[in-house]
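In: got a structure for you, letters missing:
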């Protein structure tokens, strides 16, 4: 149970960091982030969090340039494909 709680804490911290970075990006406005994660096994049985999908709600998502910038940042940060990232307009 302790390991699962640690994973949730790590993911929450990662979501908060990404929200902070994106909110400081011109035009993005307020942002909420949800990361979908899986466990990836490394050497000696040590696991690391692997981001498998990202859902972002952003005030500035009605601007295609802002959407593209957010998408490219997430792709670079987590090394995931564009189809695993969904960016929606925040109401």
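Out: All right, it came through fine. Remember, predicted model here, so these are calculated numbers, not experimental data.
In: isn't residue 71 right up against residue 82?
Out: Yes - if you go by C-beta atoms under 8 Å, residue 71 and residue 82 touch, sitting 5.9 Å apart. Every C-beta, even on glycine, is put in place using the N, C-alpha and C of the backbone.
In: Which one's more surrounded, these two?
Out: residue 71 (16 against 11; other C-beta atoms under 10 Å).
In: pretty sure that one belongs to a strand, no?
Out: No - if the criterion is DSSP: H, G, I helix; E, B strand; the rest coil, then residue 71 is helix and not within a strand.
In: which ones are touching it?
Out: Going by C-beta atoms under 8 Å, 6 or more residues apart in numbering, residue 71 touches 82, 85, 87.
In: Please settle this for me: is residue 39 part of a strand?
Out: Yes - secondary structure assignment places residue 39 in a strand (three-state DSSP).
In: Quick check: the gap between residue 31 and residue 25.
Out: 9 Å (C-beta to C-beta, to the nearest Å).
In: Compare these two and say which one has the larger neighbour count.
Out: residue 31 (22 against 15).
In: Please report phi then psi for residue 29.
Out: Backbone torsions for residue 29, taken as degrees, to the nearest 10, come to phi 70, psi -150.
In: quick revisit: so which of the contacts of residue 71 is the closest to residue 17?
Out: residue 85 (16.5 Å; C-beta to C-beta).
In: hmm, who's touching the strand or helix carrying residue 55?
Out: Element membership for residue 55 (DSSP states H and E) is strand 47-58. Under the criterion C-beta under 8 Å, 6+ apart, residues 7, 10-11, 14, 22, 28-42, 66-67, 70, 74, 78, 80, 84-90 lie in contact with strand 47-58.
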